[in-house]
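Novice: Quick one: sequence and predicted model below, then my questions.
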Amino acid sequence: MSGTPACVSIIDDDGLVLRSLDRLLRSLGFAVDTFSSPRDFLDQPAGDTPGCIIMDLAMPGLSGLELQQALSRTGDPRPVVFISGSANVPSSVAAMKAGAIDFLTKPLDHDRLVGAVRTAVEKDRASRDLRVGHEALAERLASLTPREREVLEGVVAGKLNKQIAADLGTAEKTVKVHRARMMEKMHVESVAELVRACLVAPQAEAQTAD
C-alpha cells in the first residue's frame, strides 16, 4: 500500500483554483482528480488508491460541511483539507471536530497546503494499512475451531496446558495439539505475539462485521 501513488481529489466551483492546484500537486508527483461541484464528485465511485480530498467550504447545491458529513455516512476514509474564501471560525471549528486535517483560507499558502496534503495522505495510508491488518487478523481468528478458540483464551489468560486441559475436561496432550495448530493459524511464534494480536482482536472482528 505504501508504494501506491496518492491521488488528491479537489472540489471547488472556481475553475482558476482547480487549475492552479491541479498543476501544483501534479508537479509534486500526486495524481489529481478535479470536480467543479460536490454532485460531480459524489457521482464518481471512491477508488482504493490512498489519498485525500481538498474541498471548498462554500459551494452551490451542497456545502463543504454537508459533503464532509455525506462522506462520513458512506464510510469514505479519505481525510479532508478545507479551503475557504473567508476565515469562518464556526465552520472551521465544525470541520476540524469532524476530522478535517486543516482549514485554509484563500489566497492559499501553497507550502501550508502541500504540508496538509502530505499529512492527510500519510494518515490515509496508515489507516488503510491498519484496516488490512485487522482484516487479516479477523480471518485468522475465524479459521480457528471452537476448541482452538477455547485454548487460545486459556493461553492468553496465562494458563498452563494442564490447567487448560482441566478446564476443558480433556487430556493435556490434546491441548498441546490444539495449541500448536492455533499458534500456526494465528501466524505467531510466542505467547507475547499472541497476546498482542488478541488486544486488537475485538476491533478487528467488529470492523469485519461492519
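Specialist: Alright, I've got the coordinates. Numbering: from 1, shown residues only.

Novice: which stretches of this structure form strands?
Specialist: Assigned by DSSP state E, the chain shows strands spanning 7-11, 31-35, 51-56, 80-84, 102-105.

Novice: could I get these as CSV with mean neighbour count and distance to S72?
Specialist: Bear in mind the C-beta positions are built from the backbone N, C-alpha and C, glycine included. Shown next, in CSV, are the strands of the chain (neighbours: other CB atoms under 10 Å; distance: least, CB to CB, whole Å):
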stretch, mean neighbour count, distance to S72
strand 7-11, 23, 15
strand 31-35, 18, 18
strand 51-56, 25, 12
strand 80-84, 23, 10
strand 102-105, 19, 17
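
Novice: JSON lines please, covering these and showing distance to K162 and mean pLDDT.
Specialist: Listed next are the strands of the chain as JSON lines, based on distance: least, CB to CB, whole Å; pLDDT from 0 to 100:
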{"stretch": "strand 7-11", "distance to K162": "56", "mean pLDDT": "96"}
{"stretch": "strand 31-35", "distance to K162": "58", "mean pLDDT": "96"}
{"stretch": "strand 51-56", "distance to K162": "53", "mean pLDDT": "95"}
{"stretch": "strand 80-84", "distance to K162": "55", "mean pLDDT": "94"}
{"stretch": "strand 102-105", "distance to K162": "58", "mean pLDDT": "93"}
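
Novice: Nearest to R181 among those would be which one?
Specialist: With CB to CB, the closest approach to R181 among the strands of the chain belongs to strand 51-56: 40.8 Å.

Novice: before we move on, back to that, now the strands of the chain as TSV including distance to A126?
Specialist: Listed next are the strands of the chain as TSV, based on distance: least, CB to CB, whole Å:
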stretch	distance to A126
strand 7-11	16
strand 31-35	19
strand 51-56	12
strand 80-84	16
strand 102-105	17
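
Novice: I'd like to know which elements the longest helix belonging to the chain is packed against.
Specialist: Ranked by number of residues, the top helix in the chain under DSSP state H is helix 110-142. Applying 3 or more CB pairs under 8 Å, 6 or more residues apart in numbering; DSSP states H and E, one finds that helix 110-142 makes contact with helix 15-27, strand 51-56, strand 80-84, strand 102-105, helix 201-209.

Novice: try it again with 6 Å
Specialist: strand 51-56, helix 201-209 (3 or more CB pairs under 6 Å, 6 or more residues apart in numbering; DSSP states H and E).

Novice: Which of the strands of the chain sits closest to V200?
Specialist: Closest among these, using CB to CB: strand 51-56, at 25.1 Å.

Novice: Run me through the strand neighbours of that closest one, direction for each.
Specialist: strand 7-11 (parallel), strand 80-84 (parallel) (DSSP bridges).

Novice: Present these as TSV; the columns should include distance to V156.
Specialist: Formatted as TSV, the strands paired with strand 51-56 follow (distance: least, CB to CB, whole Å):
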stretch	distance to V156
strand 7-11	40
strand 80-84	39
